[in-house]
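Peer 1: pasting a predicted model and its sequence here:
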Amino acid sequence: MKKTAFAGRLIAAAVFLYMLAVPGAVSDSARSGLDFCAEVLIPSLFVYMVLSDLFAGVASFFPNAAFPYVTIISGVLCGSPSGADSIRRIYENGGITKRQAECLVAVCGNASASFVISFAGAGVLGSVRAGVIILALKTVLSFAAWAVLSRTVLSAEERRFCIGASFGGGSLPAAVRRASAAMMNICACAVLFTVAADMASPICGGNSIARCLLRGALEFSGGIGECRSLAAGARYVCVCALIGWQGACVHLQVSVAAGEKISLKPYFAVKAAETFAMTLLGLLTKGAAI
């Protein structure tokens, strides 16, 4: 553990020194990340994060058996990391157990419907239909992941939720305040990982697919934008794969939103499975989507 931490610090120091040597490139990357936040991320996320907060705030009105499915749908509509933040608050208020929280966080982390249809579909793939197909595939996988997790990780008693009024809030001012703070964290992470992706991209040389996948593995929205340089079929499959994985930037945001007490092991297991499944489904459906 100590050797790993030491190696991590050495890498961070080397990256820092490298960035000091090329301040202009770092500034350009950071500026590009900020532009992307203003043009794509904030319009496609902020309003939906507020709605997600309000939506989760009325959890007690849903039948207990329906709560996991409401959470998944909220994640599909509103995107990460709003679902993880809501789940953490319900867990901290005693509404769900730790294992229930970990399983719910694992399946509610999705790119928002607006992002998938408008940016990935219409903007990158040039087809709203392609965006709708990708969104439908990802939604089905989220429900399938919950079906597997709930029966392999949770006991029969834990599959029966009893949320009550444990959400702890749900007013519009509070929802706007929390969404604003979360949006700042998202944009900060996006800028950081945009810079990191730009610094790492040269190792891919002239391989466009490798460049898209590497960038997407770090900051998936920028990686999806990079897919515009690919041929139509490869572009669609790469976009599917990246929406399955979502990138280290989103994983960091989910980690912050979920808090230190909720383990992300189920989350990463689901992400790895969804990446494989979305890649395979992308190959199978590209004829219908493009």
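Peer 2: Okay, I see it. Numbering: from 1, shown residues only.
Peer 1: show me where the protein has helices.
Peer 2: If DSSP state H is used as the criterion, the helices of the chain fall at 2-21, 23-36, 42-57, 67-78, 82-92, 98-108, 113-114, 128-152, 172-200, 208-218, 220-226, 232-245, 247-258, 265-289.
Peer 1: show me the one of those that comes nearest Phe161.
Peer 2: helix 67-78 (4.6 Å; Cβ to Cβ). Any C-beta I mention is one placed from the backbone N, CA and C, and that applies to glycine too.
Peer 1: gap between that closest one and the chain center?
Peer 2: With Cα atoms, centre = their mean, to the nearest Å as the basis, helix 67-78 stands 14 Å off its chain's centre.
Peer 1: and stretch 69-79, by the same measure?
Peer 2: Centroid separation for stretch 69-79 versus its chain: 12 Å, with Cα atoms, centre = their mean.
Peer 1: in that stretch, what's buried?
Peer 2: For stretch 69-79, a neighbour-count test (16 or more other Cβ atoms under 10 Å) marks Val70, Thr71, Ile72, Ile73, Ser74, Gly75, Val76, Leu77, Cys78, Gly79 as buried.
Peer 1: give the full set of residues in contact with the last one.
Peer 2: Under the criterion of Cβ atoms under 8 Å, 6 or more residues apart in numbering, the contact list for Gly79 reads Ser44, Leu45, Tyr48, Met49, Ser52, Asn110, Ala111, Ser112, Ala113, Ser114, Phe115.
Peer 1: can I get the residues you listed in CSV with neighbour count?
Peer 2: Formatted as CSV, the contacts of Gly79 follow (neighbours: other Cβ atoms under 10 Å):
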residue, neighbour count
Ser44, 21
Leu45, 27
Tyr48, 21
Met49, 25
Ser52, 27
Asn110, 27
Ala111, 28
Ser112, 24
Ala113, 21
Ser114, 18
Phe115, 24
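Peer 1: how about the residues you listed in JSON lines, adding pLDDT and distance to Lys261?
Peer 2: Compiled in JSON lines, the contacts of Gly79 are given as follows (pLDDT from 0 to 100; distance: Cβ to Cβ, whole Å):
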{"residue": "Ser44", "pLDDT": "72", "distance to Lys261": "30"}
{"residue": "Leu45", "pLDDT": "77", "distance to Lys261": "25"}
{"residue": "Tyr48", "pLDDT": "74", "distance to Lys261": "26"}
{"residue": "Met49", "pLDDT": "76", "distance to Lys261": "22"}
{"residue": "Ser52", "pLDDT": "70", "distance to Lys261": "21"}
{"residue": "Asn110", "pLDDT": "86", "distance to Lys261": "23"}
{"residue": "Ala111", "pLDDT": "86", "distance to Lys261": "26"}
{"residue": "Ser112", "pLDDT": "85", "distance to Lys261": "26"}
{"residue": "Ala113", "pLDDT": "87", "distance to Lys261": "30"}
{"residue": "Ser114", "pLDDT": "85", "distance to Lys261": "31"}
{"residue": "Phe115", "pLDDT": "88", "distance to Lys261": "29"}
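Peer 1: returning to what we had before: and Cys162, which of the helices of the chain is closest to it?
Peer 2: It is, among the helices of the chain and with distance given as Cβ to Cβ, helix 67-78, at 9.1 Å.
Peer 1: avg pLDDT for stretch 143-151?
Peer 2: Averaging pLDDT along stretch 143-151 gives 93.
Peer 1: quick check: buried residues in it?
Peer 2: Quick answer for stretch 143-151 (16+ other Cβ under 10 Å): Ala145, Trp146, Leu149, Ser150.
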